[in-house]
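Participant: Got a predicted structure plus its sequence, pasted below:
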Amino acid sequence: MAEQRLFKFAFFPKYKETIEYLAMKLAAEEQWDFSDSRNKNYSILKNYLEHTFRKIEEEDKIAYTQDNKYSCFNTGLVTRNLESIFALFEINKSNNNSKIQSSYYFKAFCKRSDAQFLNIFKSCHPDIADYFQNPESLIFNPNCELIPQIDHIIEDNIKRFPLHMQQLDNDEIRRRLTGAIDEVKKRIKTNYKLAVPQYYNGKIQLLLPLNLTPNSPNPDLALVTHKISDNVYTARTCLTLKMAYNNARLIVKPESSWLKP
């Protein structure tokens, strides 16, 4: 598992309760678990916070008080009344404890008008993570050509395909994959909104739905596309819908007809 940079930065004494409070009481209503989850553990929200913190850290958007006693960052989430939500931290006085090695100690998730937050950070509140340096990259250009790397998609991602397809011979898998890509190429020309932007490995990519199961209206996978020139996209991998949603949610809550939690 990749290093959890948020936990390295700060110690969360009651992480489960904290996440539940953020999801259920403070933030605007949103589905933070996948539809097939048996228990509520807010896996989408946990993934969102970790990767948002990584981006915030890279952009140097963690704010500190002059004495470094407190720090905070903008989560990018908002309350039901559209107030920004910040994560507030206090210097970790127990840092000598071998079990607690983080520099800061999580204090609270606070809306911008919170008295506790404003008492510490009166102004110059940090901004949200920025994924929009190049807004054109967030929209699929239907006039461009899409050239998929079929062999690579199958060979490296077969375990992400539906189980019923994994049992098929390679020629049949290739035929279904090629057919699904040809179909989405046609659909994207009439509805560019089918493409959902995701953030992965420091880059914006666009996700397209792949319907691989005959007679099913629901996509099985998300094709990951990215531009290699002004008029050509390529695709060399695909994601499960859960992986795709997690990556897409980092930018904004997907308002898509096909990519849902």
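Facilitator: Good, I have the coordinates. Numbering: from 1, shown residues only.
Participant: buried ones in the host helix or strand of Leu177?
Facilitator: Counting by DSSP states H and E, the secondary-structure element that holds Leu177 is helix 170-190. By 16 or more other Cβ atoms under 10 Å, the buried positions in helix 170-190 come out as Ile173, Arg176, Leu177, Ala180, Ile181, Val184, Ile188. To be clear about C-beta, it is placed using only N, CA and C from the backbone, and glycine gets the same treatment.
Participant: Would you confirm that Val78 contacts Arg112?
Facilitator: No - between Val78 and Arg112 there is no contact under Cβ atoms under 8 Å: 9.3 Å.
Participant: Now for these two: what residues contact both?
Facilitator: Taking Cβ atoms under 8 Å, 6 or more residues apart in numbering as the criterion, Val78 and Arg112 both touch Ser84, Ile85.
Participant: So Thr75 lies in a strand, does it not?
Facilitator: Yes - according to DSSP: H, G, I helix; E, B strand; the rest coil, Thr75 belongs to a strand.
Participant: I'd like to know how far it sits from Ile62.
Facilitator: Distance of Thr75 to Ile62, given as Cβ to Cβ, to the nearest Å: 12 Å.
Participant: Please identify which of these two sits among more neighbours.
Facilitator: Between Thr75 and Ile62, Thr75 has the larger neighbour count (other Cβ atoms under 10 Å), namely 23 against 17.
Participant: quick one, helices of the stretch 1-150 of the chain?
Facilitator: Along the stretch 1-150 of the chain, the segments classed as helices by DSSP state H, counting those that start in this stretch run 5-9, 15-21, 43-58, 115-120, 150-157.
Participant: quick one, which of those is packed in tightest?
Facilitator: helix 43-58 (a mean of 19; mean count of other Cβ atoms under 10 Å).
Participant: now it: mean pLDDT?
Facilitator: Regarding helix 43-58, the rounded mean pLDDT is 96.
Participant: closest one to Tyr105 among the helices of the stretch 1-150 of the chain?
Facilitator: Taking Cβ to Cβ, helix 5-9 is the member of these nearest to Tyr105, at 10.4 Å.
Participant: elements contacting the closest one?
Facilitator: If you count contacts as 3 or more Cβ pairs under 8 Å, 6 or more residues apart in numbering; DSSP states H and E, helix 5-9 packs onto helix 43-58.
Participant: Counting neighbours, what do you get for Cys238?
Facilitator: By the criterion of other Cβ under 10 Å, Cys238 has 26 neighbours.
Participant: Got phi/psi on it?
Facilitator: Backbone torsions of Cys238, given as degrees, to the nearest 10, read phi -140, psi 160.
Participant: Determine the three-state secondary structure at Met165.
Facilitator: At Met165 the chain is in helix, as set by three-state DSSP.
Participant: per-residue pLDDT, it?
Facilitator: 93.
Participant: How about the contacts made by it?
Facilitator: Ile173, Arg176, Leu212, Thr213, Asp220.
Participant: can you do 6 Å?
Facilitator: Shown in contact with Met165 (Cβ atoms under 6 Å, 6 or more residues apart in numbering): Ile173.
Participant: Also Ile228?
Facilitator: Ile228 is in contact with Thr234, counting by Cβ under 6 Å, 6+ apart.
Participant: check which helix or strand covers it.
Facilitator: strand 221-229.
Participant: Okay, buried residues for that strand please.
Facilitator: Neighbour counts over strand 221-229 (16+ other Cβ under 10 Å) mark Leu221, Ala222, Leu223, Val224, Thr225, Lys227 as buried.
Participant: same question, stretch 228-238
Facilitator: Tyr233, Thr234, Ala235, Arg236, Thr237, Cys238.
Participant: Please consider this matter closed, and thank you.
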